[in-house]
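Visitor: sequence and predicted structure, then a few things I'm wondering about:
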Amino acid sequence: MTQKAELVVEGRKLAVSNLDKVLYPKAGFTKGEMIHYYIQIAPVLLPHLKDRPLTMKRYPNGVEAEFFYEKNCPSHRPKWVRTATVWSEGNQRNMDYCLAQDLPTLIWAANLADIELHTSLSRKQDVARPTMMVFDLDPGAPADIVQCCQVGLWLRDILQGLKLKSWAKTSGSKGLQVYVPLNTPVTYDQTKALSHDLAEYLEREHPKLIVSKMSKALRKGKIFVDWSQNDEHKTTICVYSLRAKEQPTVSTPVTWEEVEECARKKKAQLLVFRCEQTVARVEKMGDLFEPIETLKQKFPKKWQL
């Protein structure tokens, strides 16, 4: 029998169901607990979701069962859920993406078992213009986030040489991600070219540890510097999103000092955060990723690596 309840959130009535359903079997973590986390983290999460086309990654039967991506916002959505129309090259048609503009929409999506929140690097006002550049540092076993931290520190230093500040967050899975806020006129062609060049440069400098090519066969024991996310038609995991892993881990902002400590102590567990830990960090440290949405940085017209 389906358990149903009604929440009133910011004046909007929301039907929620199956709150006792276990979505993370190994952790015993329920749908109700997932919704509770998203309510707790919403004050810092929502600014990073605002105006960004959202791809939902839904796990109706939990993280160990089948999932599906949903780009088109469900037709059964409440009337107050906002959408953004975006042309899809792959589908050769316009798609209406959900916009998670407020807490009611976030809870509505969570009730659909949208565990992971994947967002565009652009805002709806100009989907052809990224507001940031991103590097996804993906370890190939037996490498792990410890080696990602070393690569991230090298990348940070190179970016500093280009007069670009950068911020790090865990992927919530195995790796580390480096974000460069721009918030100035720039194109995906520009950010993709620079990120590709930086990845190839790092590979030339550290060929035993780093790979810049997409082939998974090349990644064993190495860190793949994924520059290809800098694309109008791709999405990245949003900061503060849960990940569909054994435990309810979160893509969590970290300081460069924490990255240095993880690399120095060689302890991967230092940068693994469950949802309750991320909430506690935000209460103590605030939103470490706040500059990503606001800091304006001049994109280098020329670079020499």
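Guide: Perfect, thanks for sending it. Numbers count the residues shown, from 1 in each chain.

Visitor: would you mind measuring the gap between the ends of stretch 243-251?
Guide: Taking Cα to Cα, to the nearest Å, stretch 243-251 runs 7 Å from one end to the other.

Visitor: can you give me the buried ones in it?
Guide: 243-245, 247-251 (16 or more other Cβ atoms under 10 Å). Yep, even glycine has a C-beta here, placed from its N, CA and C like the rest.

Visitor: hmm, who's touching that stretch?
Guide: Under the contact criterion Cβ atoms under 8 Å, 6 or more residues apart in numbering, stretch 243-251 has outside partners 24, 26-27, 29, 33-34, 37, 57, 59, 63, 67, 115-116, 169-173, 177, 237-242, 272-275, 277-278.

Visitor: again, only this time at 6 Å
Guide: Outside stretch 243-251, the residues that touch it by Cβ atoms under 6 Å, 6 or more residues apart in numbering are 24, 26-27, 29, 59, 63, 115-116, 169-173, 237, 239, 241-242, 273-275, 278.

Visitor: look up phi and psi at the residue nearest to Leu54 when sequence neighbours are not counted.
Guide: In space, and not counting its chain neighbours, Leu54 is closest to Cys98: 4.7 Å by Cβ to Cβ, 6 or more residues apart in numbering. Phi and psi for Cys98, reported as degrees, to the nearest 10, are phi -70, psi 150.

Visitor: tell me how far Cys98 lies from Thr85.
Guide: 12 Å (Cβ to Cβ, to the nearest Å).

Visitor: more neighbours: these two, which one.
Guide: A direct count of neighbours by other Cβ atoms under 10 Å for Cys98 and Thr85 places Cys98 higher, at 25 against 11.

Visitor: does that one have beta-bridge partners, and which?
Guide: Here Cys98 sits in beta bridges with Leu54, Thr83, as judged by DSSP bridges.

Visitor: re the thing from before, quick check: the farthest pair among the buried residues of stretch 243-251?
Guide: Pairwise distances across these (Cβ to Cβ) peak at 13.4 Å, for the pair Gln247 and Ser251.

Visitor: what about the helices in the stretch 51-200 of the chain?
Guide: With helices called from DSSP state H, counting those that start in this stretch, the stretch 51-200 of the chain shows them at 103-111, 145-161, 188-205.

Visitor: most packed of those helices?
Guide: Sort the helices of the stretch 51-200 of the chain by mean neighbour count, taking mean count of other Cβ atoms under 10 Å, and helix 103-111 sits at the top with a mean of 22.

Visitor: show me how far that one is from its chain's centre.
Guide: 18 Å (Cα atoms, centre = their mean, to the nearest Å).

Visitor: what are the contacting residues of it?
Guide: So helix 103-111 is contacted by 9-10, 12, 14, 16, 34-35, 38, 42, 81, 100 (Cβ under 6 Å, 6+ apart).

Visitor: now distance to Leu295 and mean pLDDT too, for the helices of the stretch 51-200 of the chain, in JSON lines please.
Guide: Output for the helices of the stretch 51-200 of the chain, formatted as JSON lines (distance: least, Cβ to Cβ, whole Å; pLDDT from 0 to 100):
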{"stretch": "helix 103-111", "distance to Leu295": "24", "mean pLDDT": "98"}
{"stretch": "helix 145-161", "distance to Leu295": "13", "mean pLDDT": "98"}
{"stretch": "helix 188-205", "distance to Leu295": "15", "mean pLDDT": "97"}
